[in-house]
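Chemist: sequence-free structure coming up:
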């Protein structure tokens, strides 16, 4: 089935098997012209992305070349697992050139991409091959029987395998033996094939067809049998593939006659020696079994010939074929559907007309519709039998936590003459599959921000990274929650600065300046008059005078209102008392109608609910600004929610998204989740990450500013949090998933997920009975236990690959041996391989023992009182003196077993998250318990829990930190600072407990000792830098209990200068 295609007339070369992602290099083919008769040439690199359903391949780089190519190969020489692209591209040119290119520089777009080139050959270089044992050795063949062996480490002077064969002829094919590194074969179009021994520097055998019609176009060695090879004939009179065995080279061992015309290229699969590809002038691409001659698969192709065909070294089911119609096609032998190809052809046909009116009908062409009743069968069947890499006994299965368990049919290493005493051992690999690297990286950044309480800097980074203006506004609003005068900052974000308004009012020529001028004129006029007349006539002025003289303010106000003298009425009402003023204001507002009357009404009457309910939603910013300026604290959140509800209920999608800003001002997390889900929600993990980032930051802000229950989680938020925890767990981040899971909910799916997460960590959830399995575990006999993988020297697997190898099992009968493998990959703390610990025997629990109540697992930053934690029943601690075990770096699929550590079962104990803070009011995390929310569990009556001593080499950590806290307490004068230091002194007990149990990794221990050295030299800034390095590179679950308080101590010491 076709997967991809590239419109190029070019030679092709796959990237080596060690390279990930997979690349395909193409170089303009020599002696071929496209329809434009272009004479330019280029070298291009494409990336194979099978997750993209389209047929187009992504072009990574293009290099304009002065050469056209007869042959192109990609060798693994100098491959570096730390680089994204490596190896070397080797090209055979038209004029005897052998050119070396650096693919990394080609992709980077550098101008100088040629490593070296030589034109020592005569005529075009049509044959190239790399020695798979010594990747620095490259063989090349050209005209006049020229064969050179090039050393890539010393490219200047090539070697020859021996004296040129006679008569002189072209070398069309060349190939290194797949089993013996010093054997090389070359073939010519005449049909003669020569096998060279480089140790003897001479040919050792020549193979030739007796009928002299064998025009050799292809040569390939057997992947497994050193003495067997296949030759392909280009002659239409003899379109065969001959299989030869050099042990009896008088005639072919087998002849494959599946093609009807000459064969142009062949390729033998390195993953399965029963798969041989061939393409010929009959426009067929066949996959045959060379041992039986049976055609296992015929690729669906067009009517054009293919001149080059190659297997993908990394993905054994993928192959590529270059055809004379200027197209390189990527196929899979595993079958599939051709609907994508048919749809592309339809789209191309429709787009060729565009939206024009080609027939002058006055109407554009409608979309082309394929008749459904005549649609051919779109399913392409795979091979007739499974290939070797998925042939039984092999298997793969995903398990909870993103684990992939695989086993394969390993080759037997039985030596001749020696009977196999034991059953063949099979390797079982347990791998951690990571498919969302960006998601995990952003989740890690969020956890670090919560752990270090660097919310302002985190929000600022998000503002700087945001592309859309709305995203910047959301993070700016969230950032304001952690700053002083948040309401003033909100107003500034809405575009209202008090200083700017004051400048506008005081500008020359403004209304305010004219008012001041009138005031000065009035003062001058007032000073000129010395006497005035009190009129008591029968007109309105006289009546008002009479009511004022008698003290009847209410009647005076009514007369002024009747005469439309509003200013006089308001002034008199002020003198008449608050009740009269209120009635007068109501009459005034009912009578006056202007653009700002309703706003003035709200300001005077403090009725902001009316403004929020009745304002035009296009002025939502002004309404929110008024609420921010005037609303009382007890009504502020409700008014913001009301405005957000109106915006959310509108049909305008832009206004619906702006409702999120109102909910952020109100601190309404549940409404924010609902609004964001409705307006911006998507199905991708990154969309969920966007939401969780905002929710976690807003919950932290609400806990700092409002007296709310941090455990309160709504139904929708609980659902999103459980989805997020499930996604983290699927990527192998079990510990982080537990911290995000809601704690105070009884939803069955969340309780089930929490149970699975705890059990995935080898722990039993608190308050739940251990379920008895329907089978009994069989212990591994010590005498039969195999070794565990030790250190191995060898090439490392590439860093960017589909999954990380974590550990492997070896199984023989019922014997199981645990071994750990690790390859370079994204260094996330929760993806680290599990440590190998021996657990002490579990203590016997008395019959009357009641299981403790569940300890709530807070989101991000667990809280608990250290004393209450000490009263929790502890699970069995690992035995002291456990030897540390560092997982070796091994290539995938090549475990080497040595050493002798027996496997140990994981200890079972309650799922207790490490506490990290003791002040839920200000420093707590969303979902953390407050006050007496944690129920103290009575200690076991039958035994007393005693703490182990801290190891002697780590005792300096305790003494140094306690001495530093005491010095800070003596120098501090602020009661709040002293409370922080006292709290830090208590919470550092969690660090000392981990030192007693020896559960900290060597990296963290080393970093803590470096912090102690910086404390001894009074260089606290260096200590803070070391602290930051430890937090960013270590496992989050290991350090969350004590690293935040250690930072507080170092910061206070630096501030006090002790």
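Modeler: Now that the structure is in, tell me what you want to look at. Computed from a predicted structure; not experimentally measured. Numbering: from 1, shown residues only.
Chemist: list the buried residues in the helix or strand hosting residue 477.
Modeler: Secondary structure from DSSP states H and E places residue 477 in helix 469-480. For helix 469-480, burial by neighbour count (16 or more other CB atoms under 10 Å) applies to 471, 473, 474, 475, 476, 477, 478, 479, 480. Yep, even glycine has a C-beta here, placed from its N, CA and C like the rest.
Chemist: surely the fourth one and residue 464 touch.
Modeler: No. Residue 475 is not in contact with residue 464 according to CB atoms under 8 Å; the separation is 9.2 Å.
Chemist: after the longest helix along the chain, which helix or strand is next?
Modeler: As assigned by DSSP state H, the longest helix anywhere in the chain is helix 685-705. Later in the chain than helix 685-705, the nearest helix or strand by DSSP H and E is helix 715-730.
Chemist: helix, strand or coil for residue 150?
Modeler: strand (DSSP: H, G, I helix; E, B strand; the rest coil).
Chemist: what angle do the longest helix of the chain and helix 469-480 make?
Modeler: Orientation check (axes from the mean of the first three to the mean of the last three CA atoms, to 10 degrees): helix 685-705 against helix 469-480 gives 30 degrees.
Chemist: helices and strands around helix 685-705, which ones?
Modeler: For helix 685-705, the elements it packs on are helix 437-452, helix 455-465, helix 469-480, helix 669-680, helix 715-730, judged by 3 or more CB pairs under 8 Å, 6 or more residues apart in numbering; DSSP states H and E.
Chemist: out of those helices, which gets nearest to residue 1015?
Modeler: helix 437-452 (19.4 Å; CB to CB).
Chemist: in the closest one, what counts as buried?
Modeler: 439, 440, 442, 443, 444, 446, 447, 448, 449, 450, 451, 452.
Chemist: what of stretch 1017-1037?
Modeler: 1020, 1022, 1023, 1024, 1026, 1027, 1030, 1031, 1034, 1035, 1036, 1037.
Chemist: next, the nearest residue to the last one once chain neighbours are set aside: secondary structure please.
Modeler: Translated: residue 1037. Of all residues not flanking residue 1037 in the chain, residue 735 sits nearest, at 3.9 Å (CB to CB, 6 or more residues apart in numbering). Following three-state DSSP, the label given to residue 735 is helix.
Chemist: roughly how far apart are residue 735 and residue 688?
Modeler: 19 Å (CB to CB, to the nearest Å).
Chemist: and if you look at residue 429?
Modeler: On the measure of CB to CB, residue 429 and residue 688 end up 30 Å apart.
Chemist: same question, residue 294
Modeler: In terms of CB to CB, residue 294 sits 50 Å off from residue 688.
Chemist: of those two, who's got more company?
Modeler: residue 688 (18 against 13; other CB atoms under 10 Å).
Chemist: check contacts around the more buried one.
Modeler: Contact partners of residue 688, counting by CB atoms under 8 Å, 6 or more residues apart in numbering, are 720, 723, 724, 727.
Chemist: hmm, try it at 6 Å
Modeler: residue 724 (CB atoms under 6 Å, 6 or more residues apart in numbering).
Chemist: and the pLDDT at it?
Modeler: You'll see residue 688 listed with a pLDDT of 85.
Chemist: now residue 319
Modeler: pLDDT, residue 319: 93.
Chemist: SS state for it?
Modeler: Classified using three-state DSSP, residue 319 is strand.
Chemist: before we move on, back to that, my guess is the residue nearest to residue 1037 meets residue 1038, correct?
Modeler: No. With contacts counted by CB atoms under 6 Å, residue 735 stays clear of residue 1038, the gap being 8.9 Å.
Chemist: could you pull up the mean pLDDT of stretch 494-509?
Modeler: pLDDT averaged over stretch 494-509 gives 67.
Chemist: so the helix or strand following the helix holding residue 477 versus helix 685-705, what angle?
Modeler: The first helix or strand that comes after helix 469-480 along the chain, using DSSP H and E, is helix 486-493. For helix 486-493 against helix 685-705, the angle by the same axes, to 10 degrees is 140 degrees.
Chemist: helix 486-493 - contacts with which helices or strands?
Modeler: Counting contacts by 3 or more CB pairs under 6 Å, 6 or more residues apart in numbering; DSSP states H and E, helix 486-493 is packed against helix 469-480, helix 620-630.
Chemist: mind listing residues that contact the following helix or strand past the shortest one?
Modeler: Using DSSP H and E, the helix or strand that follows helix 620-630 towards the C-terminus is helix 633-649. Applying CB under 6 Å, 6+ apart, the contact partners of helix 633-649 are 608, 612, 620, 623, 627, 631, 655-656, 658-659, 662-663, 665-666, 668, 675.
Chemist: wait, which of those is closest to residue 323?
Modeler: Nearest to residue 323 among these, with distances taken as CB to CB, is residue 656, at 52.4 Å.
Chemist: that closest one: what secondary structure?
Modeler: Going by three-state DSSP: residue 656 is helix.
Chemist: ok, the nearest residue to it once chain neighbours are set aside - how many residues close by?
Modeler: What sits nearest to residue 656 in space, not counting adjacent residues and going by CB to CB, 6+ apart, is residue 679, at 4.8 Å. When neighbours are defined as other CB under 10 Å, residue 679 has 17 of them.
Chemist: and residue 679, what's its pLDDT?
Modeler: 72.
Chemist: distance of it from residue 693?
Modeler: For residue 679, the distance to residue 693 - CB to CB - is 16 Å.
Chemist: same question for residue 553.
Modeler: Taken as CB to CB, the span from residue 553 to residue 693 is 61 Å.
Chemist: any idea which element residue 569 lies in?
Modeler: Short version, using DSSP H and E: residue 569 is in helix 566-575.
Chemist: tell me which residues of that helix are tucked away?
Modeler: 568, 569, 570, 572, 573.
Chemist: which SSE is immediately downstream of it?
Modeler: helix 578-591.
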